[in-house]
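>>> attaching a predicted model along with its sequence, questions to come.
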Number of protein chains: 2
Amino acid sequence: MSVTIKDIARIADVSIATVSKVINGKTHDISDATKIRIEKILKDENYVPNHLARSIRTNVTNTIGLIIPDIRNSFFTEVARGAEDESYEQGYSIFFANSDDKFEKELSHINAMVSKQVDGILIAGSTERDVPVELQMNISKPVLAIDRKINYNFLISTVTTNNEEGAYTAVCYLIDQGHEKILHLAGPQDNVVSIDRLNGYKKALEDNGLSYCEEDVLYGDFSTASGYERISGFKDIKNYTAVFASNDMIAFGVIGALNARQISIPDDISVIGVDNVEHSGLVYPALTTIDQSAYELGQIAAREMITHLSGKKIPEKTELIQNIVVRNSVIKKEVI
Amino acid sequence: MSVTIKDIARIADVSIATVSKVINGKTHDISDATKIRIEKILKDENYVPNHLARSIRTNVTNTIGLIIPDIRNSFFTEVARGAEDESYEQGYSIFFANSDDKFEKELSHINAMVSKQVDGILIAGSTERDVPVELQMNISKPVLAIDRKINYNFLISTVTTNNEEGAYTAVCYLIDQGHEKILHLAGPQDNVVSIDRLNGYKKALEDNGLSYCEEDVLYGDFSTASGYERISGFKDIKNYTAVFASNDMIAFGVIGALNARQISIPDDISVIGVDNVEHSGLVYPALTTIDQSAYELGQIAAREMITHLSGKKIPEKTELIQNIVVRNSVIKKEVI
DNA sequence: TTGTATGCGTTATCAT
DNA sequence: ATGATAACGCATACAA
């Protein structure tokens, strides 16, 4: 066992109340002499407060739970880092867990965290959900939603980025650079993010007087392999001057396939992605893309949770802007 | 406040001792009737045990701390995921923290975790260290070292991969494919990992009757930019048929620079990396590389810690094998 | 200025 | 089969 407040009291020949006071800096009614003496003993004995015991009294653990689908998804890697940084700065610890997009696993983690008395939980919800179950869950700790909407009872706020707007920005940039025939490589047809981005694509076309055609959209999944396959066998590629990929992974596949087909980027075709994944600046040519502000998402989520815990009011919803990161995969199309 | 064992006892009109027993399945001396009745109330009242209170009695939190330099480094992303998976399966939670390779930050996290009574701590040590301070730290919880050696008092085991061997494997593979002029893009001269890999490179050459020349090694840092710069201005590149990059990031830079110089991979030059970063299979051409088993590293680290906590003996040191992942960036060199 | 006593939610021992 | 109670380490209201 470690040394406890009781041991210190015995050594210093004072009561534990006195020791507790100097530990917590409530020294206004402690004489300097004993204060200094106790502090020395605390140090000599290498005393470490038992935070559990403290928490059981104060009902505060200075701990936040973070549940994400998968830390290996670079978007969530950034979210996690942002949340941890902010928490650390404010003296909080992070319980971290992956749900693998399984609702059951998410619930299991929530229960564990509540049981361990986290002060609040940050959740990037699993894609798989069971709304009735969700609604009847009785979470006794504040919950903040990251990136995706969720329906738990004690939801205090939602922090998201606007995927439609990000896509809109990307496509407008393409149009701005003179592109008019823009191929869209979408993600799964039933995926919310993919749908949002498709809508942004449509809206950008319409707002710029271009018409939307169904055949300009190729569906797949969010993987590089998918991007590669769609493009490598696509006959009409010459009809387009630009490709808007629904995420960077797809864009990597597109780049690979175009390289393989000896189609030059960006001279023959421009490519733009979304996500600003770490490697997007490192491929050749460096990918122009949309930054989702994943780090800020995590950071702000943690910050708002902590603000809430301190008793202050926080916005019910905050939406981060997705900014374009201009690199070398898009070129201005000269109008002939 | 949440409902406590006391509330349940009141509702069921029994003592808290009885409730505690059914909660913990010690029902051998409880009548079926009361057992069932209490279980129903537990459920109806949505009772969640306060794990803190339990821990303060049992001295066990079922929580493990994980301190890594940076979750955004994909190697540690994998480690973290492996550790979390194993912990989850065994009913443990993970406190997660980044040290940014700062020793001070590492210490700060250790203190917080010890204070919060983790059962043990997994540490991938920061590069920056202060051995005297390290030795005099008196950590009261078991510590397990991941990937890098550390010197805390309560070190129970070390789990690493053998970087020299991994590099050796890579270079032997190159030689096996007929390459004899192999350029090595190393990391920082004073970095342990970089040095280990350089040694593996040397050893592979020597063991295969090839001589090591200092000018065949280009130093830089572990970034893509570094790889790109070293190669883009390197006049003697034509003298080589293969490049062994000290990590995948460097390899990405090499690929980019070779592409830019119109040197074909792998036809003109083969490239091999180390790390098997997520994107390494997704670049063009797909990178042949060495897998560091980062996921297993985290998984095994957590597993051994938990085994130790259960009172069993664990090996003082376990070293994981690094395996080659053959993809498309290396080609067999035809001997003329 | 310092100490006593109580309680936080739980487990576990020992009575009943 | 069930209950009373001490104890875990700490914070704090109140007494001295």
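Yep, it's here.

>>> CA only for contacts and neighbour counts going forward, please
Fine.

>>> could you report the neighbour count for the residue in the stretch 151-300 of chain A that DNA strand C sits nearest to?
In the stretch 151-300 of chain A, the residue found nearest to DNA strand C is A:Phe154; the distance is 19.2 Å by CA to the nearest atom of the strand. By other CA atoms under 10 Å in any protein chain shown, 16 other residues sit near A:Phe154.

>>> that one contacts A:Val143, correct?
Yes: between A:Phe154 and A:Val143 there is a contact at 5.7 Å, judged by CA atoms under 8 Å.

>>> residues near A:Arg37, how many?
Once other CA under 10 Å is used to define contacts, A:Arg37 is seen to have 11 neighbours.

>>> three-state assignment of it?
helix (DSSP: H, G, I helix; E, B strand; the rest coil).

>>> how about it, what does it touch?
A:Arg37 makes contact with A:Ala12 under the criterion CA atoms under 8 Å, 6 or more residues apart in numbering or on different chains.

>>> again, but for A:Asp291
A:274-276, A:322-325.

>>> and the pLDDT for it?
For A:Asp291, the pLDDT comes out at 96.

>>> can you pull up the bridge partners for it?
On DSSP bridges, the residues paired with A:Asp291 through beta bridges are A:Asp275, A:Asn323.

>>> roughly how far apart are it and DNA strand D?
Between A:Asp291 and DNA strand D the distance, using CA to the nearest atom of the strand, to the nearest Å, works out to 43 Å.

>>> point me to the residue of the stretch 51-200 of chain A nearest DNA strand C.
In the stretch 51-200 of chain A, no residue comes nearer to DNA strand C than A:Arg57, which is 3.9 Å away by CA to the nearest atom of the strand.

>>> and that residue, backbone torsions?
In terms of degrees, to the nearest 10, the main-chain angles of A:Arg57 are phi -90, psi -50.

>>> what's the burial count for it?
Here the number of neighbours of A:Arg57 (other CA under 10 Å) works out to 11.

>>> same deal with A:Ile123?
Counted with other CA under 10 Å, residues neighbouring A:Ile123 total 25.

>>> same check, this time on the one 4 residues further on
Residues lying near A:Thr127 (other CA under 10 Å) number 15.

>>> scan the contacts of A:Asp291 and report the most crowded one.
For the contacts of A:Asp291, the largest number of neighbours (other CA under 10 Å) sits with A:Val274, at 29 neighbours.

>>> which residues of the stretch 201-336 of chain A fall in strands?
Along the stretch 201-336 of chain A, counting by DSSP state E, counting those that start in this stretch, strands occupy A:217-218, A:242-245, A:270-272, A:289-291, A:317-320, A:323-325.

>>> how about the ones you listed in JSON lines, adding distance to DNA strand C?
Formatted as JSON lines, the entries for the strands of the stretch 201-336 of chain A read as follows, by distance: least, CA to the nearest atom of the strand, whole Å:
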{"stretch": "strand A:217-218", "distance to DNA strand C": "54"}
{"stretch": "strand A:242-245", "distance to DNA strand C": "51"}
{"stretch": "strand A:270-272", "distance to DNA strand C": "53"}
{"stretch": "strand A:289-291", "distance to DNA strand C": "44"}
{"stretch": "strand A:317-320", "distance to DNA strand C": "32"}
{"stretch": "strand A:323-325", "distance to DNA strand C": "47"}
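
>>> could I get those strands as TSV with distance to A:Leu135?
Supplementary listing: these in TSV, determined by distance: least, CA to CA, whole Å:
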stretch	distance to A:Leu135
strand A:217-218	37
strand A:242-245	36
strand A:270-272	39
strand A:289-291	33
strand A:317-320	19
strand A:323-325	35
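
>>> kindly format the C-alpha coordinates of stretch A:37-51 as PDB.
The C-alpha coordinates for stretch A:37-51 follow below in PDB (Å, rounded to 0.1, in the frame of the first residue of the first chain):
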ATOM      1  CA  ARG A  37       6.600  20.800   8.400                       C
ATOM      2  CA  ILE A  38       3.800  18.800   6.800                       C
ATOM      3  CA  GLU A  39       4.700  19.800   3.400                       C
ATOM      4  CA  LYS A  40       8.200  18.500   4.000                       C
ATOM      5  CA  ILE A  41       6.900  15.200   5.200                       C
ATOM      6  CA  LEU A  42       4.500  14.900   2.300                       C
ATOM      7  CA  LYS A  43       7.400  15.300   0.000                       C
ATOM      8  CA  ASP A  44       9.800  13.000   2.000                       C
ATOM      9  CA  GLU A  45       7.200  10.300   2.100                       C
ATOM     10  CA  ASN A  46       6.400  10.600  -1.500                       C
ATOM     11  CA  TYR A  47       2.700  11.100  -0.800                       C
ATOM     12  CA  VAL A  48       0.300  10.700  -3.700                       C
ATOM     13  CA  PRO A  49      -3.300  11.600  -2.900                       C
ATOM     14  CA  ASN A  50      -5.700   8.800  -3.600                       C
ATOM     15  CA  HIS A  51      -7.900  10.500  -6.200                       C
END
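
>>> so does it get close to DNA strand D?
Yes: counting by CA under 7 Å from any atom of the strand, DNA strand D has neighbours in stretch A:37-51: A:48-51.

>>> quick revisit: mind checking pLDDT for the closest residue to the residue of the stretch 151-300 of chain A closest to DNA strand C other than its chain neighbours?
The shortest distance from A:Phe154 to any non-neighbouring residue, by CA to CA, 6 or more residues apart in numbering or on different chains, is to A:Pro142 (5.2 Å). A:Pro142 carries a pLDDT value of 98.

>>> and the residue most central in space within chain A, helix, strand or coil?
The geometric centre of chain A, computed from its C-alpha atoms, lies nearest to A:Val79 (CA atoms, centre = their mean), at 3.0 Å. Of the three states, A:Val79 takes helix under three-state DSSP.

>>> nothing else from me, thank you.
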